[in-house]
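Q: Give me a model of this one.
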Amino acid sequence: MVRIVNYKERQVEDGRIFFVLELQGGVEMVMSQETNQFYATAKRAFITSTFDEETCKALLGTSMPGKIEKQECEPYQYTVKETGEMIILNHRYVYMPEVESPANEDKAVQRLFAEEHTFSQNGVLEEELVD
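A: Now for the predicted structure:
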């Protein structure tokens, strides 16, 4: 599950305004390469939306099925806000919605057929046949 934790206003080149939602995944424990101690963190990703600001505000705290995954991309420059250091990254974090797997769909169909006795075979309710 991911949670909507924030939203930000963005502007298109032609001046139009739109909003992006900031998503955060679950807590993960990561070992520091410097101290060898664990610390808690969470992956974050942004997704565009068609919502107005009031809707974005109302969505804060909403959970959605899915996860945030690391995805390789073309290298780009990134400035670390805390230090001002510029680094080159070749990944980004993206939201991956939870989808029904074909195996789960097959199980649902199997359950339906396994319970087909619950359906009328002749178009007449069995209760009407019993007198």
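Q: Just the pLDDT for the residue positioned nearest the centre of the chain.
A: Against the mean C-alpha coordinate of the chain, by CA atoms, centre = their mean, the closest residue is Gly66 at 3.8 Å. With respect to pLDDT, Gly66 scores 94.
Q: Any buried residues in the longest strand anywhere in the chain, and which?
A: With secondary structure taken from DSSP state E, the chain has its longest strand at strand 66-79. Applying a neighbour-count criterion of 16 or more other CB atoms under 10 Å, one finds 66-68 buried in strand 66-79. (Each C-beta comes from the backbone N, C-alpha and C, glycine too.)
Q: what sits against the closest residue to Glu85 other than its chain neighbours?
A: Once flanking residues are discounted, Glu85 sits nearest to Thr79: 7.1 Å by CB to CB, 6 or more residues apart in numbering. With contacts defined as CB atoms under 8 Å, 6 or more residues apart in numbering, Thr79 is in contact with 85-87.
Q: So Ala45 versus Gln71, what's the distance?
A: Distance of Ala45 to Gln71, computed by CB to CB, to the nearest Å: 9 Å.
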